[in-house]
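Asker: this one's sequence-less:
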């Protein structure tokens, strides 16, 4: 028989979640036989079109053997279907996933594929419809292969976020291959942009769900673009929360490469795993506003759900070479602990007087450079306490001369211990006091000392306010007044 169909719909309540399937036009040559309980139907050519797709297929169907079918019934029967789509709307793929695929998986596809088109789509279903999508080897074939373009893929959809959670970066304008194979789905050889930012180019990306019955998304992506843009993407995404905002104050420029690997159980996102790496190639980077600015940085910053680590990070800072190590690790903190970011960044390098003059982030210690000559080795440590970046700098100043009156006059060959440090009292941190008071200390071989206390408000954008301070020239203990700034001079002669 010849069957034509136009401007109508098929009602398939046992096949699709949305049972009313619109049909703009359909044409087929259909034949069938009925022999007792056995029914068989087939069509060598079916042409069809609706708002979501258009294509052609050939198919045959017959009732199942109740003793062999998992349904223990003749229905839904055995299907052999093979065809191609000239066009397909990626946002409607979920409508054509059969009911035997778990609802959570179908809804994930619905919420994750937000845009996209496909052409030359190949599809095949072969086996007992009761077993679709054929989780066990040898049960049958369920495969859809779709070259796609202009895809917007939210691998963690908004529907899977808790109220107030930041979104994950999306993969946008993707072109590649979308494959449904058995109980899973994958995106292969995809290229596009990251989070709708044309400056961050996704050079290669894959995504895979091995089994829709356990919707865990594995994402691998490699992208290239401005480091500043990448950091901004991290700050406004869920990755910022996973790293406790440790990179919030980091500033950078220059091109960099991003490698990102995600393991995302979409219904248990508290167990999400992140393995990312930013490869630097001569960038400028500053981890905190109080830390030295590093030029010509090379190496890598690796980050995960536990924090970040600096790998063979080298560059130029304070006028000389510098090498960084450390990072942040919250994996050893007790569950539910609120200790703030466990940042511990360490650096060793050479500082020159010219480099120090340009490093205003180091505060009063920089002023010595105006009266100094030469260079010296130093050790730097950056940590965090209650959101305040803490800096600790030590040097013996060997190799650097100080052109000051006694007792601060120093020859380059002499070794004088210099220490600059900022700290937040443990008692204040544990008591949860606000605003936070930070103490700044500077000591030059006991000959000159500076201490002042500044107060940070809850508003991160507000500048710190100096509460009190003391300056002492000469040996002896430094006395800090309750308020204001005091100066003491204790010298054998002037």
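Answerer: Okay, I see it. Given the structure is predicted, the values throughout are model-derived calculations rather than measurements.
Asker: So the residue nearest to residue 70 when sequence neighbours are not counted: helix, strand or coil?
Answerer: Distance criterion CB to CB, 6 or more residues apart in numbering; nearest residue to residue 70, sequence neighbours excluded, is residue 130 at 4.8 Å. Where you see a C-beta, it was placed from the backbone N, CA and C, and this is true even at glycine. With DSSP: H, G, I helix; E, B strand; the rest coil as the basis, residue 130 sits in helix.
Asker: Now for residue 130: which residues touch it?
Answerer: 64, 69, 70, 71, 76, 100 (CB atoms under 8 Å, 6 or more residues apart in numbering).
Asker: Please convert the residues you listed to JSON lines, extending it with neighbour count, distance to residue 451 and secondary structure.
Answerer: Listed next are the contacts of residue 130 as JSON lines, based on neighbours: other CB atoms under 10 Å; distance: CB to CB, whole Å; DSSP: H, G, I helix; E, B strand; the rest coil:
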{"residue": "64", "neighbour count": "22", "distance to residue 451": "86", "secondary structure": "coil"}
{"residue": "69", "neighbour count": "19", "distance to residue 451": "83", "secondary structure": "coil"}
{"residue": "70", "neighbour count": "10", "distance to residue 451": "78", "secondary structure": "coil"}
{"residue": "71", "neighbour count": "15", "distance to residue 451": "81", "secondary structure": "coil"}
{"residue": "76", "neighbour count": "21", "distance to residue 451": "81", "secondary structure": "coil"}
{"residue": "100", "neighbour count": "17", "distance to residue 451": "72", "secondary structure": "coil"}
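Asker: ok but residue 105 is inside a helix, no?
Answerer: Yes - counting by three-state DSSP, residue 105 is part of a helix.
Asker: What residue, apart from its backbone neighbours, is nearest it spatially?
Answerer: Spatial nearest neighbour of residue 105, chain neighbours left out: residue 212 (3.3 Å); criterion: CB to CB, 6+ apart.
Asker: That neighbour contacts residue 103, doesn't it?
Answerer: No - Residue 212 is not in contact with residue 103 according to CB atoms under 8 Å; the separation is 9.9 Å.
Asker: So these two - more neighbours on which side?
Answerer: residue 212 (23 against 11; other CB atoms under 10 Å).
Asker: how much space between the residue lying closest to residue 413 once chain neighbours are set aside and residue 464?
Answerer: Nearest residue to residue 413 in three dimensions, chain neighbours excluded: residue 398, at 7.1 Å (CB to CB, 6+ apart). According to CB to CB, to the nearest Å, residue 398 stands 33 Å off from residue 464.
Asker: number of nearby residues for the closest residue to residue 8 other than its chain neighbours?
Answerer: Excluding its sequence neighbours, the residue lying closest to residue 8 (CB to CB, 6+ apart) is residue 23, at 5.4 Å. The tally of other residues near residue 23 (other CB under 10 Å) stands at 15.
Asker: mean confidence score for the helix or strand harbouring residue 23?
Answerer: Using DSSP states H and E, residue 23 sits in strand 20-29. Averaged over strand 20-29, pLDDT sits at 94.
Asker: what are the pairing partners of that strand, and which direction each?
Answerer: Sheet neighbours of strand 20-29, with direction, are listed as strand 2-11 (antiparallel), strand 38-49 (antiparallel) (DSSP bridges).
Asker: and for the longest one, what are the contacting residues?
Answerer: Judged by CB under 8 Å, 6+ apart, the contacts made with strand 38-49 from elsewhere in the structure are 23-34, 54-63, 74, 77, 83.
Asker: Just the buried ones from those?
Answerer: 26, 27, 28, 55, 57, 59, 61, 62, 63, 74, 77, 83 (16 or more other CB atoms under 10 Å).
Asker: out of those residues, who's nearest residue 391?
Answerer: residue 55 (64.4 Å; CB to CB).
Asker: thinking again about what came up before, closest one of the contacts of residue 130 to residue 171?
Answerer: Set against residue 171, the nearest of these by CB to CB is residue 100 (28.2 Å).
Asker: Please list all residues in contact with the residue lying closest to that closest one once chain neighbours are set aside.
Answerer: Among residues not flanking residue 100 along the chain, residue 132 sits closest, at 4.8 Å (CB to CB, 6+ apart). By CB under 8 Å, 6+ apart, the contact set of residue 132 is 98, 100, 101, 125, 140, 142.
Asker: what does residue 83 give?
Answerer: Contacts of residue 83 (CB under 8 Å, 6+ apart): 46, 55, 56, 57, 58, 59, 122, 123, 124.
Asker: re earlier: can I assume the residue nearest to residue 8 is in contact with residue 4?
Answerer: No - under the criterion of CB under 8 Å, residue 23 is not in contact with residue 4, lying 10.6 Å apart.
Asker: returning to that earlier point: can you read off the pLDDT for the residue nearest to residue 105?
Answerer: Residue 212 carries a pLDDT value of 89.
Asker: how about the helices in the stretch 51-200 of the chain?
Answerer: Here the stretch 51-200 of the chain has its helices, by DSSP state H, counting those that start in this stretch, at 103-112.
Asker: okay, the contacts of residue 130 in TSV with distance to residue 295 next?
Answerer: What follows is those, written out as TSV (distance: CB to CB, whole Å):
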residue	distance to residue 295
64	71
69	70
70	66
71	69
76	67
100	59
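Asker: With distance to residue 11 and pLDDT added, can I get those in CSV?
Answerer: Shown next, in CSV, are the contacts of residue 130 (distance: CB to CB, whole Å; pLDDT from 0 to 100):
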residue, distance to residue 11, pLDDT
64, 22, 97
69, 23, 95
70, 25, 93
71, 20, 94
76, 15, 92
100, 19, 83
